[in-house]
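Colleague: Dropping the sequence and predicted coords here.
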Protein chains: 2
Amino acid sequence: MNSRHEKYALFEAIALMGKAFASPRRLELLDLLAQAPRTVHQLARASEQSRANTSQHLQALHAAGMVTRARERASVRYALAGDEALSLWLALRDASVAQLGEVERAARDYLGEDVEAVGRDELIARLGRGEVVLVDVRPSEEYAAGHIDGARSIPLDELEERLADLPTDREIVAYCRGPFCAYAHEAVRRLRSTGRSARRLEGGWPEWRLMDQPTRPHKAA
Amino acid sequence: MNSRHEKYALFEAIALMGKAFASPRRLELLDLLAQAPRTVHQLARASEQSRANTSQHLQALHAAGMVTRARERASVRYALAGDEALSLWLALRDASVAQLGEVERAARDYLGEDVEAVGRDELIARLGRGEVVLVDVRPSEEYAAGHIDGARSIPLDELEERLADLPTDREIVAYCRGPFCAYAHEAVRRLRSTGRSARRLEGGWPEWRLMDQPTRPHKAA
DNA sequence: CAAGCTATCAATAGATCAATTGAATAACAA
DNA sequence: TTGTTATTCAATTGATCTATTGATAGCTTG
């Protein structure tokens, strides 16, 4: 009655989306797009690969329904296809940490010496009492595309020259793209070397933003 | 400073898990394992492919951290690697429905004419008042591995011969593996053709089970 | 131990994917 | 129009993935 062929076609269709996650290059693009929409040119530069290759991977992501594209003047701007896509990427990332020791090891190699982190609830409480200064150390375009309420933008590149703007008597909390982004780690290490008290925020901007949304439990269909 | 190579290695490690979702065959195996642990032999039969091929795909899933394996007498029993893995698979499946029209179309082709569904909250309420009979129409092994509290097991194969066990004066609600499982649809159609009042439950056993868990919001690391 | 079943391995061919190159197209500005 | 930049397309190569086949190894039972 129900042909195996039709059932298989269903899994084939789902695998169209699954294929999006099968290439490290595409995951890097997704990670960048989780911060802010970008053009092909920008993405190619940020991920250090040719524009043609970037374009092809973006088309694969588009076919998988993970990103949207829009012409903007002479360029084409790609963006994550909504919170559904964002939370799927974050879920894959977190699950891979939980299930594969390989990932945790690679993360340690990349991030360097671990620095102390502060959780969301504690940060909110201390921010409310004015005890901490929250600093967004991502590139300024990403800050412009969205940031945590009350955060100041100090891209990691400019940290040294703007040290004078930062207090020495209050704790500084730095955040960046997420748990696998090295900017906040590096910023905290540099701030501490100047004698300041500093920690990094657990997670980054996309995680924060999703938590602000109404929690969406599993949807049955 | 931070070598691109180490960053890329991190995405490569995550892609190890992503690759698990890139093949329809592996997705079918995941879908089966979401119901109950099984041996290679059982999985090969259920997915109608050779044992060698099934074994290879299962090893890929194992390398991706999505399944666990355990020897059991002469067989090897595979199982989903925890709720983390289950909810990731469900998230991918749901996201693919939301983002890819292709999936919805394939689902319609497979499931046939849509039948009316009842939601979780309504079912719980009506079950509490004794207004409905809840029927699990999956194969009995899957019922044995876990089922909704208060459900009776009537595998679809045996529906006709056990019609006498089912009341004609109360509504019957059938459920099976999930939104893409045809058993409940088919059961409802057959029950209606006998004049009974019947609907299917939205979603299936794995979704129900996850909803019973404490909701786990996004975890930052 | 020998027989029988289960699962995995090894080798292979065919298909698909990834990255490169160079050309083609689209939007814009002079 | 012409030149310039941004993106995509087309064709190619090498790599990886998939499924098949037949052989091998592990467990269990007689």
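Modeller: That came through fine. The shown structure was predicted, so the numbers you read here are calculated from the model rather than taken from an experiment.
Colleague: I'd like the distance between residue A:195 and residue A:184.
Modeller: For residue A:195, the distance to residue A:184 equals 19 Å [Cβ to Cβ, to the nearest Å]. Where C-beta positions appear, they are placed from N, C-alpha and C, glycine not excepted.
Colleague: more crowded one of these two?
Modeller: residue A:184 (30 against 7; other Cβ atoms under 10 Å in any protein chain shown).
Colleague: Am I right that that one is in contact with residue A:200?
Modeller: Yes. Counting by Cβ atoms under 8 Å, residue A:184 does reach residue A:200; the two are 4.1 Å apart.
Colleague: list residues touching both of these two?
Modeller: Jointly contacting residue A:184 and residue A:200 under the rule Cβ atoms under 8 Å, 6 or more residues apart in numbering or on different chains are A:115, A:174, A:175.
Colleague: And those, which of them are buried?
Modeller: A:115, A:174, A:175 (16 or more other Cβ atoms under 10 Å in any protein chain shown).
Colleague: Tabulate the residues you listed (TSV), appending pLDDT.
Modeller: Output for those, formatted as TSV (pLDDT from 0 to 100):
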residue	pLDDT
A:115	93
A:174	97
A:175	97
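Colleague: Just these: which are in strands?
Modeller: Using DSSP state E, the members of these that fall in strands are A:174, A:175.
Colleague: does any bit of stretch A:119-136 sit next to chain B?
Modeller: Yes. Stretch A:119-136 comes into contact with chain B (Cβ under 8 Å from any Cβ of the partner chain), by way of A:119, A:120.
Colleague: Pull up the distance across that stretch, start to finish.
Modeller: 16 Å (Cα to Cα, to the nearest Å).
Colleague: Equivalent analysis for stretch A:154-163, please.
Modeller: Start and end residues of stretch A:154-163 are separated by 9 Å (Cα to Cα).
Colleague: For the residue positioned nearest the centre of chain A, list the residues it contacts.
Modeller: Note on chain A: the residue nearest the mean C-alpha position is residue A:177, at 4.0 Å, using Cα atoms, centre = their mean. Shown in contact with residue A:177 (Cβ under 8 Å, 6+ apart): A:31, A:34, A:35, A:138, A:142, A:183, A:204, A:205, A:206.
Colleague: With only the CA atoms kept, save the helix ranked longest in chain A in PDB.
Modeller: Scanning chain A for the helix with the most residues, using DSSP state H, yields helix A:82-99. This file holds the C-alpha atoms of helix A:82-99, laid out as PDB (Å, rounded to 0.1, in the frame of the first residue of the first chain):
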ATOM      1  CA  GLY A  82      14.800  33.100  10.900                       C
ATOM      2  CA  ASP A  83      15.000  31.900  14.400                       C
ATOM      3  CA  GLU A  84      14.000  28.400  13.400                       C
ATOM      4  CA  ALA A  85      17.300  28.200  11.400                       C
ATOM      5  CA  LEU A  86      19.300  29.900  14.100                       C
ATOM      6  CA  SER A  87      18.200  27.600  16.900                       C
ATOM      7  CA  LEU A  88      18.700  24.500  14.700                       C
ATOM      8  CA  TRP A  89      22.400  25.600  14.200                       C
ATOM      9  CA  LEU A  90      22.800  26.300  17.900                       C
ATOM     10  CA  ALA A  91      21.300  22.900  18.700                       C
ATOM     11  CA  LEU A  92      23.600  21.100  16.400                       C
ATOM     12  CA  ARG A  93      26.600  23.000  17.800                       C
ATOM     13  CA  ASP A  94      25.600  22.200  21.400                       C
ATOM     14  CA  ALA A  95      24.800  18.600  20.700                       C
ATOM     15  CA  SER A  96      28.100  18.100  19.100                       C
ATOM     16  CA  VAL A  97      29.900  19.400  22.200                       C
ATOM     17  CA  ALA A  98      27.800  17.100  24.400                       C
ATOM     18  CA  GLN A  99      28.400  14.000  22.200                       C
END
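Colleague: Next secondary structure element downstream of it?
Modeller: Beyond helix A:82-99 on the C-terminal side, the first helix or strand identified by DSSP states H and E is helix A:101-111.
Colleague: just checking, what packs against that following helix?
Modeller: Helices and strands touching helix A:101-111, by 3 or more Cβ pairs under 8 Å, 6 or more residues apart in numbering or on different chains; DSSP states H and E, are helix A:82-99, helix A:182-193, helix B:4-18.
Colleague: Quick one: those as CSV, columns for distance to residue B:153 and mean pLDDT too.
Modeller: Shown next, in CSV, are those (distance: least, Cβ to Cβ, whole Å; pLDDT from 0 to 100):
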stretch, distance to residue B:153, mean pLDDT
helix A:82-99, 32, 95
helix A:182-193, 53, 96
helix B:4-18, 34, 95
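Colleague: wait, which of those helices is closest to residue A:57?
Modeller: Ranking the helices and strands packed on helix A:101-111 by their distance to residue A:57 (criterion: Cβ to Cβ) puts helix B:4-18 first, at 12.1 Å.
Colleague: is DNA strand D contacted by the closest one?
Modeller: No. Figure legend: helix B:4-18 not in contact with DNA strand D (Cβ under 7 Å from any atom of the strand); closest approach 8.7 Å.
Colleague: State the distance from the residue nearest to residue A:15 when sequence neighbours are not counted to DNA strand D.
Modeller: Leaving out its chain neighbours, the residue that sits closest to residue A:15 by Cβ to Cβ, 6 or more residues apart in numbering or on different chains is residue B:24, at 4.5 Å. For residue B:24, the distance to DNA strand D equals 7 Å [Cβ to the nearest atom of the strand, to the nearest Å].
Colleague: and residue B:24, how many neighbours?
Modeller: For residue B:24, using other Cβ under 10 Å, the count is 20.
Colleague: which residues does it contact?
Modeller: A:8, A:11, A:12, A:14, A:15.
Colleague: Isn't the fourth one up against residue B:92?
Modeller: So that's residue A:14. Yes. Assessed by Cβ under 8 Å, residue A:14 is found in contact with residue B:92 at 6.9 Å.
Colleague: In terms of neighbours, single out the busier of the two.
Modeller: residue A:14 (26 against 23).
Colleague: Would you mind measuring from the more buried one to DNA strand C?
Modeller: Distance of residue A:14 to DNA strand C, given as Cβ to the nearest atom of the strand: 14 Å.
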